[in-house]
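# Coordinates for the following, if possible.
(2 chains)
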2 protein chains.
Amino acid sequence: MDRMNPSSVRAAIRSGEYRQPTPGLAPGFAQANLVVLPKSSSADFLLFAQRNPKPCPLLEVTDAGNPEAVRTAPGSDLRTDIPRYRIYRYGVLTDEVDHLKDIWQDDFVAFLVGCSFTFENALQRAGIPIRHIDEGRNVSMYQTHIACDPAGIFFGNMVVSMRPVHRSQVVRAVQVTSRFPAVHGAPVHIGTPEAIGIVNIDKPDFGDPVTIYDEEVPVFWACGVTPQRVAVQSKPPLMITHAPGHMFITDISDESLSVL
Amino acid sequence: MDRMNPSSVRAAIRSGEYRQPTPGLAPGFAQANLVVLPKSSSADFLLFAQRNPKPCPLLEVTDAGNPEAVRTAPGSDLRTDIPRYRIYRYGVLTDEVDHLKDIWQDDFVAFLVGCSFTFENALQRAGIPIRHIDEGRNVSMYQTHIACDPAGIFFGNMVVSMRPVHRSQVVRAVQVTSRFPAVHGAPVHIGTPEAIGIVNIDKPDFGDPVTIYDEEVPVFWACGVTPQRVAVQSKPPLMITHAPGHMFITDISDESLSVL
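You can find the predicted model right below:
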């Protein structure tokens, strides 16, 4: 496959040739978190996303039954173009699967949620190193005690991602990520992990721990894994998501998502 | 009434003491466009707004039946706190009324859509004069041939507002309004009205004409009147809106809506 080209990568995933995490693929193109719900609960989730735009910025919402992301990735198939999916039933992660061909229903609505990979590229271009990339790990993610604004059947606490930033670069990190509200935008918290309910910064709830050096501050951004935490807490009959790190690759450029 | 205080202005409107347009009231607080729909069509409109965030940036969506804007104006009553409402039945404007007390249904969902008054304050602070304010008129608004992205039963063309900007200040106008994606954000078009389907710049479809001086460029922003045009084109059984210029005044500050 051509690792630089979104549709080539999607085709390789679709055929089963590629089943690994997606960071680093198709650089410059936005990757997205996935949430799939039956139509009966999709209106509630759309309202949940409207009320919680920092953890759930929507890049696209499909029409019920259509597995193609017609707006952000024409020709794609959301049933097959992600390397690994998770199936939550009544709040329990019951399966991880390679495709949704067997489970797909004509009333399924897919939500593509912006991913922080987009602003990580911008941070790197601004001279701010991304520790988990440099250490070859997954980003550190934590449950918080920040309650999302509930909507219909959905409620739960925000999940955040953390990147250590040198104290001299924190202001620049806020500025750079503020330009990208469609992919979580500015940080939700800076420093003092305990103030948002994080007990041990060295033990993330999702992803991997990373080194935090002297003179670095942990900076926290709202995270697209939040819907998976919301599934566990609010227990909808069925919610399908991507597996963390295994994202959907769109045809839209990272830079097209900046507001300034 | 205290013209500086949002809840005081809302109370004066609620009691019938104030029935005029709202520009200039409660300066520094965000005003909003209103769309009210029965629950049966509200999910389609929520999706329409998600797909068309420039004309339809959502500040709040209420739970069905609750007439209070609990998030942006606690204590408010959306049935009474706007000076003038419009009722569209199957795409026809059938009534303008002072309140919704008689027509309100337990399944009504209210959408508060961001209003360009918010970024006009920011433009003025940046030294860019707002012609329609200086001339004591309503902003000029035009139908365009820019199609919105349809969703469910809703489709239609974008309505834009126009402000003449001196050619030396167009870049600054783009920068300032880009900071406010929650209230229409950056312009959708600069110059050449005919390129977006405007036949006669001196004859706006809504609002008033304003003077355009030599060396000024007409700059066009997506407009919150778009849903009223969408109602006319897509003919839902019932849509209630504010009357143009008669907005809902929230308790949230203009500046809280900037992303940077």
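
# quick one, phi psi at A:Gln143?
phi -70, psi 150 (degrees, to the nearest 10).

# Quick check: A:Val174 is in a strand.
No: in this structure, A:Val174 is helix, not part of a strand, as judged by DSSP: H, G, I helix; E, B strand; the rest coil.

# Tell me how far it lies from chain B.
As for A:Val174, its distance to chain B is 9 Å (criterion: Cβ to the nearest Cβ, to the nearest Å). Backbone N, C-alpha and C define where each C-beta goes, glycine included.

# Might you report the residue contacts of that residue?
Counting by Cβ atoms under 8 Å, 6 or more residues apart in numbering or on different chains, A:Val174 touches A:186-187, A:190.

# Could you find the closest non-adjacent residue to the closest residue to chain B within the stretch 1-150 of chain A?
Chain B sits closest to A:Ala43 of the stretch 1-150 of chain A, with a gap of 3.8 Å, by Cβ to the nearest Cβ. Spatial nearest neighbour of A:Ala43, chain neighbours left out: B:Ala43 (3.8 Å); criterion: Cβ to Cβ, 6 or more residues apart in numbering or on different chains.

# which residues touch A:Ala231?
A:88, A:91, A:156, A:239, A:241.

# 10 Å instead?
With contact taken as Cβ atoms under 10 Å, 6 or more residues apart in numbering or on different chains, A:Ala231 is in contact with A:35, A:37, A:45, A:86-93, A:154, A:156, A:238-241.

# pretty sure A:His184 is touching A:Cys56, no?
Yes: the pair A:His184 / A:Cys56 is scored as a contact, 9.2 Å apart, by Cβ atoms under 10 Å.

# so what sits against both of these two?
Contacts common to A:His184 and A:Cys56, judged by Cβ under 10 Å, 6+ apart, are A:113-114, A:222-224, A:226.

# Now pLDDT and secondary structure too, for those residues, in CSV please.
Output for the shared contacts of A:His184 and A:Cys56, formatted as CSV (pLDDT from 0 to 100; DSSP: H, G, I helix; E, B strand; the rest coil):
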residue, pLDDT, secondary structure
A:Val113, 98, strand
A:Gly114, 97, strand
A:Ala222, 98, strand
A:Cys223, 96, coil
A:Gly224, 95, coil
A:Thr226, 97, helix
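
# right, and the pair among those with maximum separation?
Farthest pair in these (Cβ to Cβ) is A:Gly114 and A:Thr226. Separation: 11.7 Å.

# list the residues that contact both of those two?
Counting by Cβ under 10 Å, 6+ apart, the residues touching both A:Gly114 and A:Thr226 are A:33, A:55-56, A:184.

# Please narrow these to those residing in strands.
Among those, the members falling in strands (DSSP state E) are A:Asn33.

# out of the shared contacts of A:Gly114 and A:Thr226, who's near chain B?
Near chain B, taking Cβ under 10 Å from any Cβ of the partner chain as the test, no member of the shared contacts of A:Gly114 and A:Thr226 is found.

# where do the helices sit along the stretch 101-250 of chain A?
Here the stretch 101-250 of chain A has its helices, by DSSP state H, counting those that start in this stretch, at A:117-125, A:131-134, A:170-178, A:226-234.

# if you compare those helices, which one is most tucked away?
Ranked by mean neighbour count, these are led by helix A:226-234 with a mean of 24 (mean count of other Cβ atoms under 10 Å in any protein chain shown).

# which residues of the stretch 101-250 of chain A score low on pLDDT?
Across the stretch 101-250 of chain A, nothing is flagged by pLDDT under 70.

# Point out the residues in it that sit beside chain B.
Residues of the stretch 101-250 of chain A lying near chain B by Cβ under 10 Å from any Cβ: A:109, A:111, A:149-152, A:174-182, A:185-186.

# Show me just the buried residues among those.
A:109, A:111, A:150-152, A:174, A:176-182, A:185-186 (16 or more other Cβ atoms under 10 Å in any protein chain shown).

# which one of those sits closest to chain B?
A:Ser178 (4.2 Å).

# Tell me the spacing between that closest one and B:Trp104.
Distance of A:Ser178 to B:Trp104, given as Cβ to Cβ, to the nearest Å: 39 Å.

# ok, now A:Ile103?
The gap separating A:Ile103 from B:Trp104 is 42 Å, by Cβ to Cβ.

# ditto for A:Ile133
54 Å.

# For the closest residue in space to A:Ala182 that isn't next to it in sequence, list the residues it contacts.
Nearest non-adjacent residue to A:Ala182, counting by Cβ to Cβ, 6+ apart: A:Leu257, 4.5 Å away. By Cβ under 10 Å, 6+ apart, the contact set of A:Leu257 is A:30, A:57, A:59, A:114, A:118-119, A:122, A:179-183, A:250.

# Can you pull the phi/psi pair for A:Leu257?
The phi/psi pair for A:Leu257 (degrees, to the nearest 10) reads phi -90, psi 0.

# ok, it to chain B distance?
Where chain B is concerned, A:Leu257 sits at a distance of 11 Å (Cβ to the nearest Cβ).

# tally of neighbours for A:Pro38?
A:Pro38 has 17 neighbours, counted by other Cβ atoms under 10 Å in any protein chain shown.
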